[in-house]
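**Student:** One predicted model, sequence on top.
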Amino acid sequence: MADPTFFQSLTLEGFRAYLQPQTFDFSQKRCLAIFAPNGSGKSSVIDALEFLFSENGTLVRLGQRTLNNHAGPQALAHNEAQAAGIVPMVKFSTITGKHVAEGSRAASGNQRPIHATATAMKASFVADPLIRGHTLRTFVESQMPEARYADVAGWLQLSPLVEVQKNLRLLRRDVKAAAESTTEQTRLNGVLRAETAQEVEKWDDDAVCAFINDKVIAPLDANLKFGATDEDDPAYPELNKRMEAEEKQVGLAGLKQIRNAAAALWLKTPPEEGGEPVITGVIPDFEGAIAKLADAQAFEADEREKAAGIVFRAVWKEAEPLFADDATAPEACPVCATPVDQTTAGSVPAIRELLSDHLDDLKSYAEAKKALDESVTAASQAHSRLVARLPAMIDHLEDDAGSGFKTQLIAYQAAVASWPTADAPDSAAIIQLLAAAVVELDEQIAKIEAKQGDHTWSKAKAKVDRLLALQAEVRLATRISEELSKLNDALTAQAKQISDAIREKVQSLLDTLQTPMNAVYKEIQGEDAKPIRLELPGEDDTNQQRLQLVVDFAENRASVPPGGYLSDSQIHSVALALRLAAIKQFNVGAPVIALDDIVTSYDADHRRAIGALIAKMFADLQIILVTHDERFFNHLKDQLAGKDWHYTRIIGLDPAYGPRFADHKVTDEMIEARWANGQSAANEMRQAEEEWLLGIARGFGVNVRIRPLEKAYSYERAELASAIGGFLGGIKLSPADVPGVNNRFIASLVKGDVENFGSHFQEGPYGDGSIGDEKTRWEEFKAFRDQFSCPACGRTKFQRPFPLNKPVCAHGGCETPFAFAPPPAAASAAAPVEV
Amino acid sequence: MAEEEGQVPNTADTGELTDGVEAAPAEQTASPATFLTNLSERLKSTDGVDVEVAGILIEHLLMVTPKDNAVANANATILDLARERAARATAEKQEAVDG
């Protein structure tokens, strides 16, 4: 089996909360636990791991772009990185056997490609190695089986398979809808109803055939019938033949056309009620026009003759104004100078009357001439209309032997054409023929209409052809629908095959996980915890793939949903157990687990149980863990192998630096550094005191009072101090009073004075005191602490092997029984006091 | 503290999870891409399978990162296939009639 790959180091630089480079070295101790309060940068370490392996160089909670609630990849970089000239980056190295590989990934810019070393390591991650507590909470809260399935599939990195199942379901839905769609059939039925005048509602071969026979063919020939709606039916070629024959005959439309042509030439319309018949047509129009023309010509000739005798018309015109009634008439003729009284008229009034008569004659002629011109125009127009109409009628007439209607009409046409050079022809014979033709045509039309109405073979053929085309469309649509149904069946079968295979894969993963998952689950929840089963019920058309969690809660409650029977914490444990088991089971090539605040839903007992679980079942994995739960952190320190684990805590977040780390032991230098920066060191002092007390309590082997259940595992400083005090009293040893402290110092530890530092000056019991107060207190503590050193070698670690009553120096070469050394400042003054 | 005191934490039971849990078979641990590739091959070679439908599924859906409109494209391809087959059936029927 190939060597597994572990992280050798991890460096965050300008990444998330980390501005200055921070390297975590895993070469000596494979596992790392970080404790920090919220908002101190602990999750940035887990973020770095997520980022290293992410497909798109971002974090899930940041998204791929700044949109809606997502901050986008720009939030990967520390906000001061650019100003500080630091390139945001995560560097790492891995070790496989003895082979060390290094890599890095830039956390800024558009290109943030995954490093090949990370890709190689990621290939071993069958199950996502990152577990964040809030995702477990989501799992608890999202009880929908579909969501749970997607979650679990995502944990097992099977999301693409879930996507395949989802897409298959959508495709099946669409294809099924298409196969069952009646849209095209409905459209074609609409066309059919229009073609059959609503007689046939939907396509039915027999019904359509009956419609053709009864409604399309029968009006033309009741004996011709289609046996089937088919071009191959014998009736179809017969229909075609009749249509062709009809085209050669004068049909109803043709008769109507001839009748209209004849009526346009001459038509006598009988009166409706008692009046005279009305004669219309271009022939009577023409004849009327030339009759008017003849009258006009005669009138004009008559008037012209009258006007022609007036030789001096110009003279009369000129004379009219001279002899006007309102003018002074000349006394002599303006032309010949004959005195007026010597003229033929003899007087001015007589001249005026003579002029009036002559001028009236001139006016009548002008009017006659105008009427003649108009008659000429009207006759010409009527002639043109007649000339235009005659060919249409001639074309409709059958040829004759030389004396028939057509011959006579042609002759009439020729005579008409010769007008006005020749006289207009006599139309009486033609009119007689036309009148007879119209009567005959009207009779034929009435007869045909009485027989077949508006039907023609041509129309019947067109109708049958449209119905046959519609039949083809209906059949094609039906075949398409049938083919779609077959394809839908094939799709359903293949989708089932695919989904079953995916389900089998998921179920097999779940099956192999079930036993280890329950082992983990019981480790957290206890041996009595009912085993959980992970079941994938069959997929149906409406529901997507689901993951059922079932539990045999009791004999009469078998296979029931745990949600109704287990607590949220238990279900939370199921989720955690499933994830841990999957990582353990499948990530053998890279057995790494990153845990981000996974115990927030648990009580103290379960937190300790999870610590024990990690020690018991996951000791061979590399675990990188961050938590804001200090008790859990302490449980881990208590239970996990020190040779494999490095513990550190973040003691503050420096915006200009990043998280400030301290190893689990708070040093004097750390406390003094806080003061040097003008900062309170109360937290560090409390931690230092607690760590020192725990060390002494362990070394001395003190008896600790078993706590009530709600505080079963964690012992605070006051309890440790009380136990140590009790132990020292039992062996008749008492530390010297600390200078400046009235009571014995151990009592102040029991009281927890340092917690109340601020209460000297503030209302809040946990407020900070002044740095001066802290320094005084720290000096007192150090004076007290210094008494706990080996009287022989000065070392500060002790042990109490069974059955000794007193502790001895833990140094192998010393083993001097413990005894108090006097405080330096009061060594000579203070004497041991019985506790 | 545990390491500070030189004590050995309770690691006696540390080790494998549970007896009987075998190493995961290859198919179980195959990546989704490999799994889908193998599944595609099996689908195509299944007796009586409609290979054209299988081809459509393989081309559009059986992949780790399908296109956004993969379902619509697959659906359109299936509808086209139905029309093609219907036209083919019509032509075959006509040929049979025509002899």
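**Tutor:** Sure thing, it's come through.
**Student:** and the longest helix for the chain?
**Tutor:** You didn't say which chain, so I picked chain A. helix A:457-525 (DSSP state H).
**Student:** you looked at the wrong chain, it should be chain B
**Tutor:** Every helix in chain B considered (DSSP H), the longest is helix B:70-98.
**Student:** and it with chain A, contact?
**Tutor:** Yes - counting by CB under 8 Å from any CB of the partner chain, contacts between helix B:70-98 and chain A involve B:70-72, B:74-75, B:78-79, B:81-83, B:85-87, B:89-90, B:97. Bear in mind the C-beta positions are built from the backbone N, C-alpha and C, glycine included.
**Student:** Contacts only, for A:Y657.
**Tutor:** By CB atoms under 8 Å, 6 or more residues apart in numbering or on different chains, the contact set of A:Y657 is A:19-20.
**Student:** What helices and strands are in contact with the longest helix of chain B?
**Tutor:** Judged by 3 or more CB pairs under 8 Å, 6 or more residues apart in numbering or on different chains; DSSP states H and E, helix B:70-98 is in contact with helix A:159-180, helix A:457-525, helix B:51-60.
**Student:** Given the helix or strand just after the second one, what are its sheet partners and their directions?
**Tutor:** Tracing the chain C-terminally past helix A:457-525 and defining elements by DSSP states H and E, one meets strand A:532-535 next. In the sheet containing strand A:532-535, the strands it pairs with under DSSP bridges are strand A:548-551 (antiparallel).
**Student:** So which residues on the stretch 1-150 of chain A come close to chain B?
**Tutor:** A:123, A:126.
**Student:** mind listing the helices for the stretch 1-150 of chain A?
**Tutor:** For the stretch 1-150 of chain A, the helices defined by DSSP state H, counting those that start in this stretch cover A:43-53, A:116-122, A:133-141, A:145-155.
**Student:** Return the most buried member of these.
**Tutor:** Ranked by mean neighbour count, the helices of the stretch 1-150 of chain A are led by helix A:43-53 with a mean of 23 (mean count of other CB atoms under 10 Å in any protein chain shown).
**Student:** Give me the mean pLDDT for that one.
**Tutor:** What helix A:43-53 shows for mean pLDDT is 95.
**Student:** Other residues contacting it?
**Tutor:** A:10, A:12, A:15-18, A:24, A:32, A:34, A:57-60, A:76, A:90, A:92, A:103, A:105, A:107, A:114-115, A:118, A:121-122, A:125, A:129-130, A:132, A:594-597, A:624, A:626, A:659.
**Student:** Run a quick neighbour tally on whatever residue of chain A ends up closest to chain B.
**Tutor:** Proximity to chain B, evaluated over chain A using CB to the nearest CB, is greatest for A:G642 at 2.0 Å. Residues near A:G642, counting by other CB atoms under 10 Å in any protein chain shown, number 18.
**Student:** what's the answer for A:E374, then?
**Tutor:** Burial measure for A:E374: 13 neighbouring residues, criterion other CB under 10 Å.
**Student:** sec struct for it, please.
**Tutor:** Of the three states, A:E374 takes helix under DSSP: H, G, I helix; E, B strand; the rest coil.
**Student:** Contacts only, for it.
**Tutor:** Contacts for A:E374 were tallied using CB under 8 Å, 6+ apart; they are A:A296.
**Student:** Now that we have the residues of helix B:70-98 next to chain A, which of them are buried?
**Tutor:** Buried members of those, counted by 16 or more other CB atoms under 10 Å in any protein chain shown: B:70-71, B:74-75, B:78-79, B:81-82, B:85-86, B:89.
**Student:** As a markdown table, those with distance to A:I431 and pLDDT would be great.
**Tutor:** Formatted as a markdown table, these follow (distance: CB to CB, whole Å; pLDDT from 0 to 100):
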| residue | distance to A:I431 | pLDDT |
| --- | --- | --- |
| B:A70 | 84 | 94 |
| B:V71 | 81 | 95 |
| B:A74 | 80 | 96 |
| B:N75 | 76 | 96 |
| B:I78 | 76 | 96 |
| B:L79 | 71 | 95 |
| B:L81 | 74 | 96 |
| B:A82 | 71 | 95 |
| B:R85 | 71 | 93 |
| B:A86 | 66 | 92 |
| B:A89 | 68 | 82 |
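**Student:** for residue 65, phi and psi?
**Tutor:** All of this is about chain A. A:R65 adopts backbone torsions of phi -150, psi 160, taken as degrees, to the nearest 10.
**Student:** actually it's chain B I care about, not the one you picked
**Tutor:** Main-chain torsions, B:T65, degrees, to the nearest 10: phi -130, psi 80.
**Student:** Next, give phi and psi for A:D206.
**Tutor:** In terms of degrees, to the nearest 10, the main-chain angles of A:D206 are phi -70, psi -40.
**Student:** Ok, the one 5 residues further on next?
**Tutor:** In this entry, A:F211 is assigned phi and psi values of phi -60, psi -40 (degrees, to the nearest 10).
**Student:** Look at it and say how many residues are nearby.
**Tutor:** By the criterion of other CB under 10 Å, A:F211 has 22 neighbours.
**Student:** wait, doesn't it sit right on A:E199?
**Tutor:** Yes - look at A:F211 against A:E199 with CB atoms under 8 Å: they come within range, at 5.4 Å.
**Student:** Might you report the residue contacts of residue 65?
**Tutor:** By default, I'm working from chain A. The contact partners of A:R65, taken as CB under 8 Å, 6+ apart, are A:72-73.
**Student:** think we crossed wires, I meant chain B
**Tutor:** Contacts of B:T65 (CB under 8 Å, 6+ apart): A:P160.
**Student:** coming back round to it: the inter-axis angle of the longest helix of chain B versus helix A:457-525?
**Tutor:** In terms of direction (axes from the mean of the first three to the mean of the last three CA atoms, to 10 degrees), helix B:70-98 departs from helix A:457-525 by 140 degrees.
**Student:** Quick one, which of the contacts of helix A:43-53 are buried?
**Tutor:** By 16+ other CB under 10 Å, these give A:10, A:12, A:15-18, A:24, A:32, A:34, A:57-59, A:76, A:90, A:92, A:103, A:105, A:107, A:114-115, A:118, A:121-122, A:125, A:129-130, A:132, A:594-597, A:624, A:626, A:659 as buried.
**Student:** Let's see which of those end up in strands.
**Tutor:** Among these, the residues falling in strands (DSSP state E) are A:10, A:12, A:24, A:32, A:34, A:90, A:92, A:103, A:105, A:130, A:132, A:594-596, A:624, A:626, A:659.
**Student:** Just to be sure, A:L409 is in a helix?
**Tutor:** Yes - secondary structure of A:L409 (three-state DSSP): part of a helix.
**Student:** burial count for it?
**Tutor:** The number of residues packed near A:L409 is 22, by other CB under 10 Å.
**Student:** Let's have the helices of the stretch 1-150 of chain A in CSV, adding distance to A:I583.
**Tutor:** As requested, the helices of the stretch 1-150 of chain A are exported to CSV (distance: least, CB to CB, whole Å):
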stretch, distance to A:I583
helix A:43-53, 13
helix A:116-122, 13
helix A:133-141, 14
helix A:145-155, 9
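**Student:** So for A:V588, which of those helices sits nearest?
**Tutor:** A:V588 lies closest to helix A:116-122 among these, at 12.7 Å (CB to CB).
**Student:** on contacts alone, who are the packing partners of that closest one?
**Tutor:** Counting by 3+ CB pairs under 8 Å, 6+ apart, helix A:116-122 packs on helix A:43-53, strand A:89-96, strand A:99-106.
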